[in-house]
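Asker: Here's a sequence, model it:
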Amino acid sequence: MKLTIAESFYVLIHHPEKPRVMVTEAVRNAGMIGAIFLDLSVEGNVVIEDGLIRVKSIKSKLPPIHREILNKMADSVKLRKPKSWISRLTQTAGKTKRSLVEELERKGLMEVEHKRLLFISYIRTWLSRTDAREKIIKELRGIVFDKKGFDGHYAGLLGLVQACKMHKLISTDRQEVKDSKARIKKIIESDLITQGVGTVIQEMQAAMMAAIIASTAATTAATAASH
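Answerer: Okay, here's the model as predicted:
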């Protein structure tokens, strides 16, 4: 079963047994958008030139949410940096999450329970196949620690692990976590990754880290103001 980078990212961050993700909301939101950009890059729909995202083709077989975001970028009268697009698109992160969850449910990897509290509807999700998550972790560990070969899909996932500081999701050993940071950085900067995809990964890393820091700072400020 083939997953997009965005779907693999969501499976990776989801708790194997509980109805929640294992990262902060800021990391989840920036990671989802960054992963979709990486999917679009691997498929040849977008490139980054002079620090700006340019749409090369709007023809795509990727899931609906990918095509919707692609069309938004194509329809924009202004070329924007990855940081700007991530900031804009995380404002509708709820819709992006629902779309990814629906795809994962359709593929039999996730169970979704629709809930309502007063007038607010929400969903709870469980991984219905934890082996899919285990496979992703095994593949990432093989690349990082055993120097196994990889494609654009796993190159993108490695970039997300590094940008979102998710090293503890692929290892619980303190020394391995430390080693993985340096190893992933080296892999991303090496010639093993196609130049175009490598550029997108590095740009996405910087953009996602900036978005995560900004979101975390805003949440902290709001919490402090409420006390």
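Asker: how about the helices in the chain?
Answerer: Using DSSP state H, the helices of the chain run over 5-13, 25-42, 64-75, 82-89, 93-106, 130-146, 152-163, 174-189, 195-226.
Asker: I would like the residues contacting the first one, please.
Answerer: Contacts made with helix 5-13 from outside it, assessed by Cβ atoms under 8 Å, 6 or more residues apart in numbering, are listed as 3, 21-23, 27-28, 31-32, 35-36, 38-39, 42, 63, 65-66, 97, 100-101, 103-104, 107, 109-110, 127, 132-133, 136-137, 153, 156-157, 160, 166, 169. Backbone N, C-alpha and C define where each C-beta goes, glycine included.
Asker: Pull out the buried members of the residues you listed.
Answerer: 3, 21, 23, 27-28, 31-32, 35-36, 38-39, 42, 63, 65-66, 97, 100-101, 103-104, 107, 109-110, 127, 132-133, 136, 153, 156-157, 160, 166, 169 (16 or more other Cβ atoms under 10 Å).
Asker: and residue 116, which of the helices of the chain is closest to it?
Answerer: helix 93-106 (14.8 Å; Cβ to Cβ).
Asker: which other helices and strands contact that closest one?
Answerer: helix 5-13, helix 25-42, helix 64-75, strand 110-117, strand 120-127 (3 or more Cβ pairs under 8 Å, 6 or more residues apart in numbering; DSSP states H and E).
Asker: Using CSV, lay out the ones you listed together with distance to residue 201 and mean pLDDT.
Answerer: Shown next, in CSV, are those (distance: least, Cβ to Cβ, whole Å; pLDDT from 0 to 100):
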stretch, distance to residue 201, mean pLDDT
helix 5-13, 10, 97
helix 25-42, 7, 91
helix 64-75, 17, 96
strand 110-117, 26, 88
strand 120-127, 26, 88
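Asker: To residue 143, which of these lies closest?
Answerer: Taking Cβ to Cβ, helix 5-13 is the member of the helices and strands packed on helix 93-106 nearest to residue 143, at 13.2 Å.
Asker: Just the buried residues of the closest one, please?
Answerer: 5-13.
Asker: Just name the closest of these to residue 148, please.
Answerer: Checking these against residue 148 by Cβ to Cβ gives residue 8 as the nearest, at 16.3 Å.
Asker: which residues touch the nearest residue to residue 113 once chain neighbours are set aside?
Answerer: Among residues not flanking residue 113 along the chain, residue 124 sits closest, at 4.5 Å (Cβ to Cβ, 6 or more residues apart in numbering). Contact partners of residue 124, counting by Cβ under 8 Å, 6+ apart, are 19, 112-113, 115.
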